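Student: Output the structure for:
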Amino acid sequence: MAGFPLDALVIVAALGLLWLLKTIFDLARRRLPPAIGRYFYFPSPLSLIVAVLLFLVSLVALMSIPTYFSHRAPDCSLLSALQSQSVLELVLYLGAFLTAAWLIARFNEDVWLFHGFGTKMYVSHSEPPQPTIGTKWLVAVLVPLLPVRTYEILAAIELTWDRKEYASKPLEAIDWDQVTRTVRRNLWIYALATLAILAVVVFSGAACL
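Tutor: Reported below is the predicted structural model:
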């Protein structure tokens, strides 16, 4: 183990522990009665990674606004702590985190949302014989960011009041009509997110300009 980075060892150990916990919880779900076993859900480590990446996306996106103004007003003492950061670097980090989260969510079957971060299935119900279609999205602060994959929903099991488990079949391409309907249904969330961003812009700009 000589020369093996300690940080990498900690990460590997943490992922191993998460996989072990998931295995234990999945075993409990299979052994317990369905009415009780449905509460024994533990997300996959990949879902946890996606949630962390999306948290970092939100953090970097918010940091980039005052960082931009700190470079516009280098004499501003209020934002001076951010002047050592580059807006370009933050944008590159933002793109890297978002791309990594999308790729992991694309190939991870789990759908999991933790305190507004992770993945969520937005379903459009259709009249028979048309299939029910759902699209998995990356979600940050409850805001749908990017569609990941569209599925034909075969069955939905309500685990808790705020979580469902889906039996689904992935489709070859994203259903953009269903994506458009999802965006329209969540316009109020986008409006609130826009107001929050504008508030950060006004605060950052008014502080020193």
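Student: which secondary element of the protein has the worst mean pLDDT?
Tutor: When each helix and strand of the chain is scored by mean pLDDT, DSSP states H and E, helix 34-37 comes last, with a mean of 71.
Student: so how far is the following helix or strand past it from its chain's centroid?
Tutor: As assigned by DSSP states H and E, the chain's next helix or strand after helix 34-37 is helix 45-72. The chain centre lies 12 Å from the centre of helix 45-72; the measure is C-alpha atoms, centre = their mean, to the nearest Å.
Student: From L59, how far off is T67?
Tutor: With distances taken as C-beta to C-beta, to the nearest Å, T67 is found 12 Å from L59. For every residue, glycine as well, the C-beta is placed using N, CA and C.
Student: So which of the two has more stuff around it?
Tutor: T67 (22 against 15; other C-beta atoms under 10 Å).
Student: Look up how far A173 lies from V52.
Tutor: 28 Å.
Student: cool, and L59?
Tutor: L59 is 32 Å from A173, where distance means C-beta to C-beta.
Student: Check L103 too.
Tutor: Here the criterion is C-beta to C-beta. By it, L103 lies 17 Å from A173.
Student: So these two - more neighbours on which side?
Tutor: Between L103 and A173, L103 has the larger neighbour count (other C-beta under 10 Å), namely 12 against 7.
Student: Remind me which helix or strand the more buried one belongs to.
Tutor: Element membership of L103, judged by DSSP H and E, is helix 87-107.
Student: cool, and I153?
Tutor: Short version, using DSSP H and E: I153 is in strand 143-160.
Student: who's in contact with whatever helix or strand comes next after that strand?
Tutor: Scanning forward in sequence from strand 143-160 by DSSP H and E, the next helix or strand is strand 163-170. Contacts with strand 163-170, where a contact means C-beta atoms under 8 Å, 6 or more residues apart in numbering, come from 38, 41, 111, 113, 121, 134, 149-159.
Student: where does this protein have low pLDDT?
Tutor: 1-8, 11, 38, 77-84, 126-128, 159-162, 207-209 (pLDDT under 70).
Student: coming back round to it: what's the following helix or strand after the helix holding L103?
Tutor: Immediately after helix 87-107, counting by DSSP H and E, sits strand 113-114.
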